[in-house]
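**Student:** Mind folding the following:
(one chain, ligands or ions: 1)
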Amino acid sequence: MSTYPSIDDIDFADLYRRHMAAVRRPKSAEEWDVRAEAMTLPPADTGYTAEFVRRMNLSGCDTLLDVGCGLGNIALAVAPKLSQVYGLDYSPRMLARFAQHAREQGASGAHAILRSWDDDWHDVPVCDIVVASRSTAVMDMADALRKLHAKARKRVYLTSVVNGQPGDASRPAWPDYIYILNILHAMGIHARVDYMAGATSFSAQWAFIAWDVL
Ligand SMILES: C[S@@+](CC[C@H](N)C(=O)[O-])C[C@H]1O[C@@H](n2cnc3c(N)ncnc32)[C@H](O)[C@@H]1O
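**Tutor:** Modelled structure (predicted):
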């Protein structure tokens, strides 16, 4: 505690954990398995995927880890430009669909990793780029951000909701991207932020958060 009022007195990691615990039950892998069957991989050259990819800097990079990869929207969009892409997800059905799309597009350097945010990541490969696209609905954000940072050799990119207001305004809002910037700041990481338009069921905008690993 400083002798004067300071933002440093706020433990954003703890605030996030308490906010999330109050408003959110994490979806199970089985629930995502069910959703995987109904999802389709959208074209990479339009919409959200194109907006995400055009903000990435792939120069000097060969490998990418896509955390919460789902069908592989981001990993498979950039796979032709890289030698290895790893899709990590805790839903076996999502990973099966990711592997199937990789085969269909001839992405021989695509690999699936069945793992949760909460698991031990000691054998998850360190990659030049680590992304987490629309996949950071975790209960412990500080732990998740430390994992992303530890697995990145060069750059990290993630998206998080702006104004985590659900469609039903009577329900409390989810913690939004501003927690992430503040938790990173407390870790000594000064991330860049940009905003992507794109309707979702609960938010009109995504914050695109990026930092370099020095
Ligand atoms: C909204 S989808 C996003 C998929 C993809 N990244 C995209 O942008 O289209 C969220 C993904 O995160 C995965 N996921 C959710 N919680 C997870 C956890 N605790 N560990 C690993 N993956 C998780 C889900 O299985 C799902 O594939």
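
**Student:** Just checking: what are the partner strands of the helix or strand of the chain with the lowest mean pLDDT?
**Tutor:** Within the chain, confidence by mean pLDDT, DSSP states H and E is lowest for strand 192-197 among all helices and strands, at a mean of 92. Strand pairing for strand 192-197, determined by DSSP bridges: strand 205-212 (antiparallel).

**Student:** separation between the residue most central in space within the chain and Leu148?
**Tutor:** Centroid-nearest residue in the chain: Ala132, 1.9 Å away (criterion: C-alpha atoms, centre = their mean). Using C-beta to C-beta, to the nearest Å, Ala132 is found at 6 Å from Leu148. Any C-beta I mention is one placed from the backbone N, CA and C, and that applies to glycine too.

**Student:** where does the chain dip in pLDDT?
**Tutor:** Within the chain, the ranges that satisfy pLDDT under 70 run 1-2, 166-167, 198-204.

**Student:** touching the ligand at all, the helix or strand where Leu95 lies?
**Tutor:** Using DSSP states H and E, the element containing Leu95 is helix 92-104. Yes. In terms of C-beta under 6 Å from any ligand atom, part of helix 92-104 sits within range of the ligand, namely Met94.

**Student:** who does that helix touch, helix- and strand-wise?
**Tutor:** In terms of contacts (3 or more C-beta pairs under 8 Å, 6 or more residues apart in numbering; DSSP states H and E), helix 92-104 is packed against helix 29-38, helix 73-78, strand 84-89, strand 110-114.

**Student:** Counting neighbours, what do you get for the closest residue to Ala152 other than its chain neighbours?
**Tutor:** The shortest distance from Ala152 to any non-neighbouring residue, by C-beta to C-beta, 6 or more residues apart in numbering, is to Val130 (4.1 Å). Counted with other C-beta atoms under 10 Å, residues neighbouring Val130 total 27.

**Student:** any common contacting residues for Ala132 and Leu148?
**Tutor:** Val67, Leu158 (C-beta atoms under 8 Å, 6 or more residues apart in numbering).

**Student:** Buried ones in the longest strand anywhere in the chain, by neighbour count?
**Tutor:** Longest strand in the chain, counting residues (DSSP state E): strand 152-161. Under the neighbour-count criterion of 16 or more other C-beta atoms under 10 Å, strand 152-161 has Ala152, Lys154, Arg155, Val156, Tyr157, Leu158, Thr159, Ser160, Val161 buried.

**Student:** cool, stretch 10-22 as well?
**Tutor:** Within stretch 10-22, the residues scored as buried using 16+ other C-beta under 10 Å are Phe12, Ala13, Tyr16, Arg17, His19, Met20.
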